[in-house]
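the sequence isn't on hand, but the structure is:
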């Protein structure tokens, strides 16, 4: 974060109906409670004004709480406040051993986190409006796809043991499947319209999908989670975020375990990259040769696939950096 002359550190713990505020000025900590409504947010901003707390010399810290934080984030952006939206796990682990928990206490801990890590924190950067719309459509599509998979699970299992009963079970969900397929295609058509309506988005999707194995949905997830590839400094950071970078796991002479990926990652990206890797080793000559060579050497196939996932992330970062589509190499 750029150097700011911070006098006040504010922690905000947001829940569905209310949000707790803790204000630290030197060694003095004050706590307040507001309704998570338009009226409550205005009352919070009015409180700061009444106490002569200007937003220019204030740093506000809150956890990522999804839609519950949208209202206050919007108002803070309009007011030009300096604020950060941090991952809850990062905050919890940075504070060490903590005893007891309440919304008021969590707000104080958020303010303390801001005091301790203000130089490392990055100010919140909102998603463009087009990405907000795409995020909603993708979520709706994902729910429909998951529902369809759950709906067909039972008929498919019945079919394995009794063909006649399986046909009967499939017949019952056939009409629903057609409706779900129709809705999924409608959402995909809306997504395509949004992509074509934004020049920057259309170009970025084209660059990402030029990498073998990467489809439109994976490209959109990349763009949303990285806000047009601005939320990382190096390609390896993005690969770690996607959960495809193995880390050494040794200690002295007694612990000599194989390297492995960390469980803390974006599991949505990891899942999509796995499907992309499976497609890439079939259709990309270079990656196909790499996969077959490593498998012939006796390497674990999942390990090789993870290496392919890592390579795909690095390729995506490369095309974004160069702003040129990926050129396939003949193996």
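Cool, got the structure. Computed from a predicted structure; not experimentally measured. Numbers count the residues shown, from 1 in each chain.

so residue 10 is in which element?
strand 8-14 (DSSP states H and E).

what comes into contact with that strand?
19-25, 36, 53, 57-63, 65, 68-69, 72, 103-104, 106-115, 118 (CB atoms under 8 Å, 6 or more residues apart in numbering). Heads up, the C-betas are built off the backbone N, CA and C, glycines and all.

equivalent analysis for stretch 265-273, please.
217-218, 221-222, 225, 240-244, 309, 312-313.

tell me which two of those residues sit farthest apart.
217 and 240 (21.8 Å; CB to CB).

from the contacts of strand 8-14, list the buried ones, please.
19-24, 36, 53, 58-63, 65, 68-69, 72, 106-114, 118 (16 or more other CB atoms under 10 Å).

name every strand pairing with whatever helix or strand residue 24 lives in and say which way it goes.
Element membership for residue 24 (DSSP H and E) is strand 18-25. Note on strand 18-25: by DSSP bridges, its sheet partners are strand 8-14 (antiparallel), strand 28-35 (antiparallel).

before we move on, the earlier item: what about the contacts of strand 8-14, which are in strands?
Among the contacts of strand 8-14, DSSP state E puts 19-25, 58-63 in strands.

which of the residues you listed sit farthest apart?
Checking these with CB to CB, the most distant pair is 25 and 63, at 21.7 Å.

so where is the chain shaky, pLDDT-wise?
Along the chain, the parts satisfying pLDDT under 70 run over 1-4, 256, 330-331.

where do the helices sit along it?
Counting by DSSP state H, the chain has helices at residues 38-50, 70-79, 88-94, 103-117, 129-161, 163-197, 199-209, 216-226, 235-241, 267-283, 285-296, 301-322.

packing partners of the first one?
If you count contacts as 3 or more CB pairs under 8 Å, 6 or more residues apart in numbering; DSSP states H and E, helix 38-50 packs onto strand 18-25, strand 28-35, helix 70-79.

7 Å - rerun?
Applying 3 or more CB pairs under 7 Å, 6 or more residues apart in numbering; DSSP states H and E, one finds that helix 38-50 contacts strand 28-35, helix 70-79.

among these, show me which one is buried the most.
Highest mean neighbour count of the helices and strands packed on helix 38-50: helix 70-79, a mean of 16 (counted as mean count of other CB atoms under 10 Å).

return the distance of it from the chain's centre.
Centroid displacement of helix 70-79 relative to its chain, using CA atoms, centre = their mean, to the nearest Å, is 21 Å.

for the spatially most central residue of the chain, what are its contacts?
Taking CA atoms, centre = their mean as the criterion, residue 225 is the residue nearest the geometric centre of the chain, at 4.4 Å. By CB atoms under 7 Å, 6 or more residues apart in numbering, residue 225 lies in contact with 266, 269.

that one and residue 254, how far apart?
38 Å (CB to CB, to the nearest Å).

show me the contacts for the closest residue to residue 170 other than its chain neighbours.
Residue nearest to residue 170 in three dimensions, not counting chain neighbours: residue 155, with 4.4 Å by CB to CB, 6 or more residues apart in numbering. Residue 155 makes contact with 166, 169-170, 173 under the criterion CB under 7 Å, 6+ apart.
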